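> Mind folding the following:
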Amino acid sequence: MGKSKVLVVGGTGHMGRRIVTASLAQGHITYVLQRPEIGLAIDKLEMLLSFKKQGARLIEGSFSDYGSLVEAVKKVDVVISAMSGEHNHPDSHNLLLQLKLVEAIKEAGNVKRFLPSEFGMDAARMGNAIIPGRAIFDDKMIVRKAIEEAKIPFTYISANCFAGYFVGNLSQLIDSLVPPKQKVFLYGDGNTKVVYMDEDDIAAYTIKTIDDPRALNKTVFLRPPENILSQRQLVEIWEKLSGEKLEKVHLSGEEFLASMKDMDFAGQVHVAHFYHIFYEGCLTNFEIGEGQEEASELYPEVNYTRMDDYLKRFL
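Predicted structure coming up:
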């Protein structure tokens, strides 16, 4: 059986560009939706043209032109959405645009797998998340409900903490993505287990699932065993690599949540998500069960990046 043809929506985003690259690397004919709304965003245009040079096929389509979405979907077997779910204000519900994509997939009738924009925490487990952080999970669940009601075959990818945002800065909620030089804030005792994933590995695992019947209509968790670490372990890895000890400042859950009151909406969303990850352990405090799979068990051939190797780039 030949490899599926893939359409990536949101291909110029943080995860999208990696998914395009992984799809091409794994031998799939890969289409990337080129939205006319790109306007004068030259970096995005240059990225799209670089995809074209690598062998991807650009196809114009817009959420404001439903017919163009249907035509784009008709060309492929698999649709992957990597649209940004950032919530910068209370009325930002970008992920709900995917409802138009669901309708287009339903009308086209040829898609054998849809992967909506997920990639973080499992939305199905976050129904009691703190407001305003819960909004993104609520939106994802609205999209899931539409997918399942339309009987569209799906795979949901739960990829946990992106290394680019959580590892280089040792999981600090500050405006920096590089390791702190003097002190580090630890959430609680710093021992809650977290899952850290290199974004390129997330993309590689994602593409592995699309032709795999074991991942059909399931949630696939990316929890490779050597990347299940506490924040304290992450800090210790960096201290060993750098040869420098950091002052450790512990923040209680109450102190951490109290910091929300002086933040804008986006900051409050980030605090809420950090709280669930680092205080409640929402990424690791459950067993993977029925209707779910773990990626490193499905695909042991993927040589995923360990976090000591990831941190070496900052030396």
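
> Quick check: residue 284 touching residue 191?
No: Residue 284 sits out of contact with residue 191 when judged by Cβ atoms under 8 Å, with a separation of 11.5 Å. (C-beta placed from N, C-alpha, C; glycine too.)

> more neighbours, those two?
Neighbours were counted for residue 284 and for residue 191 using other Cβ atoms under 10 Å; residue 284 has more, 17 against 13.

> The more buried one and residue 15: what is the separation?
Applying Cβ to Cβ, to the nearest Å, the value for residue 284 to residue 15 is 21 Å.

> what about residue 180, which SS state?
coil (DSSP: H, G, I helix; E, B strand; the rest coil).

> Hmm, residue 169 and it touching each other?
Yes: between residue 180 and residue 169 there is a contact under Cβ under 8 Å: 7.0 Å.

> And the helices in the chain?
16-25, 42-54, 66-73, 98-108, 134-149, 163-166, 199-209, 231-242, 253-258, 265-278, 295-298, 307-311 (DSSP state H).

> From the contact counts, what lies against the second one?
The criterion is 3 or more Cβ pairs under 8 Å, 6 or more residues apart in numbering; DSSP states H and E, and the helices and strands that helix 42-54 contacts are helix 16-25, strand 30-34, strand 57-60.

> which residues make contact with it from outside it?
With contact meaning Cβ atoms under 8 Å, 6 or more residues apart in numbering, helix 42-54 is reached by 11, 12, 17, 20, 21, 24, 30, 32, 34, 38, 58.

> ok, so of the residues you listed, who is nearest residue 273?
Of all those, residue 17 has the smallest distance to residue 273: 22.8 Å, by Cβ to Cβ.

> got the contact list for that closest one?
Counted by Cβ under 8 Å, 6+ apart, residue 17 has contacts 11, 47, 51.

> Out of the residues you listed, which one has the weakest pLDDT?
Minimum pLDDT for these is recorded at residue 47 (93).

> separation between it and residue 163?
21 Å.

> Over to residue 130?
Distance from residue 130 to residue 163, by Cβ to Cβ: 24 Å.

> More neighbours: which of those two?
The neighbour comparison of residue 130 against residue 163 (other Cβ under 10 Å) goes to residue 163, with 20 against 17.

> one step back: quick one, which of the helices and strands packed on helix 42-54 is packed in tightest?
Across the helices and strands packed on helix 42-54, averaging neighbours per residue (mean count of other Cβ atoms under 10 Å) puts strand 30-34 on top, at a mean of 25.
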